[in-house]
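Peer 1: Got a predicted structure here, sequence first:
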Amino acid sequence: MINALSIEDLSFTYQSWTEKENEPLFRALSLALPAGSKTLLLAPFNKGKTTLAKIICGVCPKYFPGELQGDINLYGKSLSDLDPWDLLPVCTYVSQNPQEQFVATSVEEEIAFPLESMGMERETMHARIEEAITQWGLQDLRTSSEQELSGGERKRVLLATMQAIDASFWLLDEAFDDLDQHWRDQLKHLIATKDKTVLVLASRYLREFDDLFDQVLLLDEGDIASGDRSTLISRFAHLCGDDLPSPLETEHIQPSQKRILSCKSLQAERSRVSTTKSKQFTLEVPDFQLRSGELVTLVGPNGSGKSSFSRLLCGLDTPIAGQITIDGEPFRDKQLSKRVGYLFQSPDLQIFLPTVAEELSWSLKRRSDLSKSEIESRIATCAELFSLDLEDTPTTMSYPLRKALQAAVYYLLDRPFYILDELDSALTYQSTLSIIAHLRRNGAGILLITHDRQFADKVAQRSYTIKEGRLIAV
């Protein structure tokens, strides 16, 4: 049987943009995937998982410079001999960060773009687009721009595009992240029933993975390990630190004062300007509370209003009724933003400076009570805590490291309340827990938005959900 993917003696080192030389990510890595196989590749974050995916689909080192050696073949053809238009119907890549893949101005055009590039007949293209849009529940969002979609909706657009292209090989990087349970089940069914070669890359083992794959592999020390499934999963848990005590269990929180963030009879409306068929979105919050030192979760369907609620809590949007109070005193807009830190789903919306050091020091330099030496000391300590290199350029860092940088910035701001929107996406459980523990060190109240119910059940002291536009306690 021909292999869908064959990699032999792969080595890769990213080009360095500083005086420090980069270490090789892979050393003589080899991998063979039979056609039609379903494979799960586990890897701790920042160990080369996404880079491997980008090498396989031909965008690295073309657009991400580095030194590449080794042989890569897709269905018996060398990757070096395949032009991008030849590769499109062979291999489809779904990124862990949906925003980096969007090229069109609407959902329908996004799905159509690769089909047009393939020279597909109009009638066939139209049929595939309609089937994919229906399959992924995007009927009312066909005219929506990427900026007005939620994280889960963006991921569904990429998966709909993958389905419409109908390539032989599906390369899915953290594809289950950002999806609620309904759409996770949909993706799981699609993987199980379609006659495709599927490679799923993940930095967490989800219960959806049980019985879904022919084989489980592990990216370990720059090479790929195979063998007994339970042994590999145990090794993976050890590499991720998931066999260590939870940082939340060992932390000692000593809040300087007990505070409470509350919402009463809150109402909000929000419309998507680019969405012609969708109705105006309405959210009702009868009662919500977050206290100092608490870890509260918010779990709900894609597009239900979780991020919209977050924007209200941190003052980015203004409710049409009701009020938000801190310690019984009404707050709004900029007053809220100085007390409620909101970590967006995408870290790239909150990172904008050329180096990690500049990013971390930006807010501290605006304080008159800190000397230059004190600022340098604080950012050095913070960088060590979040495993960051002060000289690194954020735009060349991995997606998980950019999320860690985003969290580190807010760590230095030291807000009494934090909203973490899909923080666990693309991170290991231990990494997520460590970030939460760091942010909660001074007694901050944490609202964690997640689609991983298994994770939410383990960490939450209380939980909320949104059903039919209404936030309720569960």
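Peer 2: Received, thanks. Small disclaimer: the values here were computed from a predicted structure and weren't measured.
Peer 1: going forward, measure contacts between C-alpha atoms and count neighbours the same way
Peer 2: Fine.
Peer 1: if I pick the most centrally placed residue in the chain, what's in contact with it?
Peer 2: Centroid-nearest residue in the chain, with CA atoms, centre = their mean: residue 425, separated by 3.8 Å. By CA atoms under 8 Å, 6 or more residues apart in numbering, the contact set of residue 425 is 174, 177, 178.
Peer 1: Can you tell me which of these is closest to residue 99?
Peer 2: residue 178 (12.2 Å; CA to CA).
Peer 1: host element of the residue lying closest to the closest one once chain neighbours are set aside?
Peer 2: With CA to CA, 6 or more residues apart in numbering as the criterion, residue 178 has its nearest non-adjacent residue at 4.6 Å, and that residue is residue 152. Residue 152 is part of helix 151-165, with elements assigned from DSSP states H and E.
Peer 1: Centre of the chain to whichever strand or helix holds residue 115, how far?
Peer 2: Here residue 115 sits within helix 107-117, counting by DSSP H and E. Averaged C-alpha coordinates place helix 107-117 at 23 Å from its chain's average position (CA atoms, centre = their mean, to the nearest Å).
Peer 1: Mind listing what's buried along that helix?
Peer 2: 107, 108, 109, 110, 111, 112, 114, 115 (16 or more other CA atoms under 10 Å).
Peer 1: Output those residues in a markdown table; the columns should cover distance to residue 135 and pLDDT.
Peer 2: Shown next, in a markdown table, are the buried residues of helix 107-117 (distance: CA to CA, whole Å; pLDDT from 0 to 100):
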| residue | distance to residue 135 | pLDDT |
| --- | --- | --- |
| 107 | 14 | 96 |
| 108 | 13 | 96 |
| 109 | 17 | 96 |
| 110 | 16 | 97 |
| 111 | 13 | 97 |
| 112 | 15 | 97 |
| 114 | 18 | 95 |
| 115 | 17 | 95 |
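Peer 1: tell me, how many neighbours does the residue nearest to residue 363 when sequence neighbours are not counted end up with?
Peer 2: Nearest non-adjacent residue to residue 363, counting by CA to CA, 6+ apart: residue 413, 7.3 Å away. Applying other CA atoms under 10 Å, we find 16 other residues in the vicinity of residue 413.
Peer 1: any idea how far residue 413 is from residue 272?
Peer 2: 32 Å (CA to CA, to the nearest Å).
Peer 1: circling back: name the member of the contacts of residue 425 with the most neighbours.
Peer 2: Result: residue 178 is most packed of these (other CA under 10 Å), 29 neighbours.
Peer 1: can you map out the helices along the stretch 101-250 of the chain?
Peer 2: 107-117, 122-135, 151-165, 181-193, 229-240, 247-250 (DSSP state H, counting those that start in this stretch).
Peer 1: mind listing what's buried in the fifth one?
Peer 2: The neighbour-count criterion (16+ other CA under 10 Å) identifies 232, 233, 236, 237, 239, 240 as the buried residues of helix 229-240.
Peer 1: what's near enough to touch the last one?
Peer 2: In this case it means residue 240. 44, 428, 429, 430, 431.
Peer 1: give me that answer again for 6 Å
Peer 2: With contact set as CA atoms under 6 Å, 6 or more residues apart in numbering, residue 240 has these partners: residue 44.
Peer 1: before we move on, what about the fourth one?
Peer 2: Contacts here follow CA under 6 Å, 6+ apart; on that basis residue 237 touches residue 243.
Peer 1: 10 Å instead?
Peer 2: Taking CA atoms under 10 Å, 6 or more residues apart in numbering, we find residue 237 in contact with 42, 43, 44, 203, 204, 205, 231, 243, 244, 428, 429, 430.
Peer 1: And the pLDDT for it?
Peer 2: We have a pLDDT of 93 for residue 237.
Peer 1: Pull out the buried positions in the host helix or strand of residue 323.
Peer 2: Take DSSP H and E as the rule and residue 323 turns out to sit in strand 321-326. Neighbour-count burial for strand 321-326, counted by 16+ other CA under 10 Å, picks out 323, 324, 325, 326.
Peer 1: For the helix or strand in which residue 263 is found, which helices and strands make contact with it?
Peer 2: Under the criterion of DSSP H and E, residue 263 resides in strand 260-270. Applying 3 or more CA pairs under 10 Å, 6 or more residues apart in numbering; DSSP states H and E, we find strand 260-270 packed against strand 281-291, helix 306-313, strand 321-326, strand 329-331.
Peer 1: what's the helix or strand for the residue nearest to the centre of the chain?
Peer 2: Residue 425 belongs to no helix or strand, assigned by DSSP H and E.
Peer 1: For residue 114, see how far away it is.
Peer 2: Taking CA to CA, one finds residue 425 at 27 Å from residue 114.
Peer 1: list the contacts for the residue nearest to residue 178?
Peer 2: 98, 176, 177, 178, 179, 180, 183, 301, 302, 303, 451.
Peer 1: pLDDT wise, what is it at?
Peer 2: Model confidence at residue 152, given as pLDDT, is 91.
Peer 1: again with residue 213
Peer 2: 97.
Peer 1: ok now do residue 120, which residues does it touch?
Peer 2: By CA under 10 Å, 6+ apart, the residues touching residue 120 are 112, 114, 126, 165.
Peer 1: that older thread, TSV please, covering the helices of the stretch 101-250 of the chain and showing distance to residue 93.
Peer 2: Compiled in TSV, those are given as follows (distance: least, CA to CA, whole Å):
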stretch	distance to residue 93
helix 107-117	12
helix 122-135	16
helix 151-165	8
helix 181-193	14
helix 229-240	24
helix 247-250	34
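Peer 1: Quick one, which of these gets closest to residue 391.
Peer 2: helix 229-240 (25.0 Å).
Peer 1: Can I get that closest one as PDB, trimmed to CA atoms?
Peer 2: What follows is helix 229-240, C-alpha atoms only, in PDB (Å, rounded to 0.1, in the frame of the first residue of the first chain):
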ATOM      1  CA  ARG A 229      -0.800   3.600  23.100                       C
ATOM      2  CA  SER A 230      -1.200   3.700  26.900                       C
ATOM      3  CA  THR A 231       2.600   4.000  27.300                       C
ATOM      4  CA  LEU A 232       2.800   6.900  24.800                       C
ATOM      5  CA  ILE A 233      -0.100   8.800  26.500                       C
ATOM      6  CA  SER A 234       1.500   8.300  29.800                       C
ATOM      7  CA  ARG A 235       4.800   9.600  28.500                       C
ATOM      8  CA  PHE A 236       3.000  12.500  26.900                       C
ATOM      9  CA  ALA A 237       1.300  13.400  30.200                       C
ATOM     10  CA  HIS A 238       4.800  13.400  31.800                       C
ATOM     11  CA  LEU A 239       6.300  15.600  29.200                       C
ATOM     12  CA  CYS A 240       3.400  18.100  29.600                       C
END
